[in-house]
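Asker: Test case, fold it:
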Amino acid sequence: MYQNPYQQRPQDYQPPAVHTVPVERSIAGLGHWIPAPVALLFGLLLPILPPLLCFVAPLVIMLVARTPFVREHGRQALNFQLTAAIPGLLFGILAMTVPYCWILSLLLFVACLVFEILGAVKAGTGEWFRYPVAIPFVPR
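Answerer: Below is the predicted model:
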């Protein structure tokens, strides 16, 4: 059913819950954006290292988290990093053996960077976030 966006909200309307503790929002955001510098730094050394190391920060954040908000953001980031590791390993091996296959690694890095920034921004504003392309390896 279509609702007119200019219509006034009902009296009992409550906006969606937003997590308001700044420290927890910052920690949840770390789980999303720390893999990007790790991938950039270690990708310059050896193209196969980023897929093997990018999941460490979200894993630590998920295991150490005390609140459901931080734990869920860590779990979502971990699932995404494990999902990105599959083509990352393949592209890393191809980049070392086949000429110009490093372009695939670069495209994967840019795509991951975009999704990680989206996740970090949502965590920073206190909203829940789910990666659209993550395979749920880690259950709730």
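
Asker: neighbours around Ala85, how many?
Answerer: 18 (other C-beta atoms under 10 Å). For every residue, glycine as well, the C-beta is placed using N, CA and C.

Asker: Isn't it up against Pro51?
Answerer: Yes. Contact criterion C-beta atoms under 8 Å: Ala85 and Pro51 qualify, at 3.9 Å.

Asker: residues near Thr125, how many?
Answerer: 12.

Asker: how much space between it and Arg66?
Answerer: 20 Å (C-beta to C-beta, to the nearest Å).

Asker: ok, now which ones touch the residue nearest to Leu104 when sequence neighbours are not counted?
Answerer: Excluding its sequence neighbours, the residue lying closest to Leu104 (C-beta to C-beta, 6 or more residues apart in numbering) is Phe91, at 4.4 Å. If a contact means C-beta atoms under 8 Å, 6 or more residues apart in numbering, then Phe91 has Pro47, Cys101, Leu104, Ser105, Leu108 as its contacts.

Asker: what's near enough to touch the residue nearest to Ile48 when sequence neighbours are not counted?
Answerer: Sequence neighbours aside, Gly92 is the residue nearest to Ile48 in space, at 3.9 Å (criterion: C-beta to C-beta, 6+ apart). Gly92 makes contact with Leu46, Pro47, Ile48, Leu49, Pro50, Pro51, Ser105, according to C-beta under 8 Å, 6+ apart.
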